[in-house]
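*Asks:* here you go, sequence then predicted model.
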Amino acid sequence: MDIGCGGGLLCEPMARLGATVVGVDAAERNIPVAMAHAAQSELDIDYRHGTAEAMVDAGEQFDVVLNMEVVEHVADPQGYLTACQQLLKPGGLMICSTINRNPKSFAMAIVGAEYVMRWLPKGTHEWSKFITPDELYDLIKGAGLSPVDRKGFVFNPITWQWKLSERDLSVNYVTASIKQ
Ligand SMILES: C[S@@+](CC[C@H](N)C(=O)[O-])C[C@H]1O[C@@H](n2cnc3c(N)ncnc32)[C@H](O)[C@@H]1O
């Protein structure tokens, strides 16, 4: 399941790789957009309007929860991550990405991405809600999951490419956690 799937940017490559994908988003307007794009791409993806918390109430569980760029937008990160943990089957894997909180992330993720490059609408992010890697590990542990790995997503403006980094988690980064 891709929680906070937006328009399905991650659901589609996962489906192409052979996964059975459920995409869930709290914003109702995202779902028809994601469905229309999947239809154009001839992909079979189960898109649903809802929240992580509502999926828990419905008793749903999944092998993998993809949780990309959502936790820095929610009012209660600990409650949200606990819901994500409850959505995993025992032995399941959660992949969670977010944005670090420091002066560089303010310059890159807010000034650069929203105001200079205009990759995102202005006001998408609140810097104070960004989460450091250690804070996210604590939240993940508090949710009842075991963090196993974390890596940075690093953008190179010369080659115009993104790379995974073992050391540089200064702006965007991703974590992997297991439900024991
Ligand atoms: C910044 S977007 C990320 C979209 C997508 N994951 C990506 O990386 O392109 C955050 C999304 O999370 C959704 N969202 C926020 N809280 C949620 C919740 N509790 N349950 C499900 N979706 C949620 C929002 O509606 C929004 O579409």
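*Replies:* Arrived safely.
*Asks:* quick check, central residue of the chain?
*Replies:* Most central in the chain under CA atoms, centre = their mean is residue 68, positioned 0.8 Å from the mean C-alpha point.
*Asks:* backbone dihedrals for that one, please?
*Replies:* Phi and psi for residue 68, reported as degrees, to the nearest 10, are phi -110, psi 120.
*Asks:* please apply the same query to residue 30.
*Replies:* phi -70, psi -30.
*Asks:* okay, and the beta partners of the residue nearest to the centre of the chain?
*Replies:* Under the criterion DSSP bridges, residue 68 forms beta bridges with residue 97.
*Asks:* let me see the contact set for it.
*Replies:* Contacts for residue 68 (CB atoms under 8 Å, 6 or more residues apart in numbering) come out as 2, 4, 10, 95-97, 174. In this view, the C-beta of every residue, glycine as well, is placed from N, C-alpha and C.
*Asks:* which ones, among these, also lie beside the ligand?
*Replies:* When CB under 6 Å from any ligand atom is applied, the members of the contacts of residue 68 adjacent to the ligand are residue 4.
*Asks:* compare the contacts of residue 68 and tell me which is most surrounded.
*Replies:* With neighbours set by other CB atoms under 10 Å, the maximum within the contacts of residue 68 is found at residue 2, which has 29 neighbours.
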